[in-house]
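Trainee: Can you look at this prediction? I've put the sequence above it.
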Amino acid sequence: MSTPEQNKEAKKGAGYYFDFSEVLTYFFRKKDPSRPRNFSLKMMHGINKLSIIIFLICVIVIITRFIIRS
């Protein structure tokens with residue numbers, strides 16, 4: 001017998017996999033005063049943001065090259 005959690009996992013559509021709201025809100029979060037702040041944490045978040053931007057640029061370049069060659 002299946003549980004409601006299994007049914008929920010089985011019904012994931014394409015919109016679930018292309019939901020980029022979590023990525024976009026990563027850039028526009030308010031600073032949380034209760035979180036610890038140190039240099040290593042700032043650098044980690046900076047590198048994460050840079051890598052996301054570079055990845056998105058590369059995806060756009062790949063898609064445009066594919067469209068141009070077709």
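Mentor: Thanks, I have it. Keep in mind that what you see is a predicted model, and the values were worked out from it rather than measured.

Trainee: Could you report the neighbour count for residue 26?
Mentor: Neighbourhood size, residue 26 [other C-beta atoms under 10 Å]: 13. The C-beta positions use only the backbone N, C-alpha and C, and glycine is treated the same way.

Trainee: check contacts around it.
Mentor: Counting by C-beta atoms under 8 Å, 6 or more residues apart in numbering, residue 26 touches 48-49, 52.

Trainee: So which elements touch the longest helix seen in the chain?
Mentor: The longest helix of the chain (DSSP state H) is helix 39-69. Secondary-structure packing of helix 39-69 (3 or more C-beta pairs under 8 Å, 6 or more residues apart in numbering; DSSP states H and E): helix 21-27.

Trainee: Mind putting the contacts of residue 26 into JSON lines with neighbour count?
Mentor: Formatted as JSON lines, the contacts of residue 26 follow (neighbours: other C-beta atoms under 10 Å):
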{"residue": "48", "neighbour count": "11"}
{"residue": "49", "neighbour count": "12"}
{"residue": "52", "neighbour count": "14"}
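
Trainee: re earlier: which positions in the longest helix of the chain come out as buried?
Mentor: For helix 39-69, the neighbour count (16 or more other C-beta atoms under 10 Å) marks no residue as buried.

Trainee: gap between the residue nearest the centre of the chain and residue 37?
Mentor: Central residue of the chain (C-alpha atoms, centre = their mean): residue 23, 3.2 Å from the mean position. Distance, residue 23 to residue 37, using C-beta to C-beta, to the nearest Å: 22 Å.
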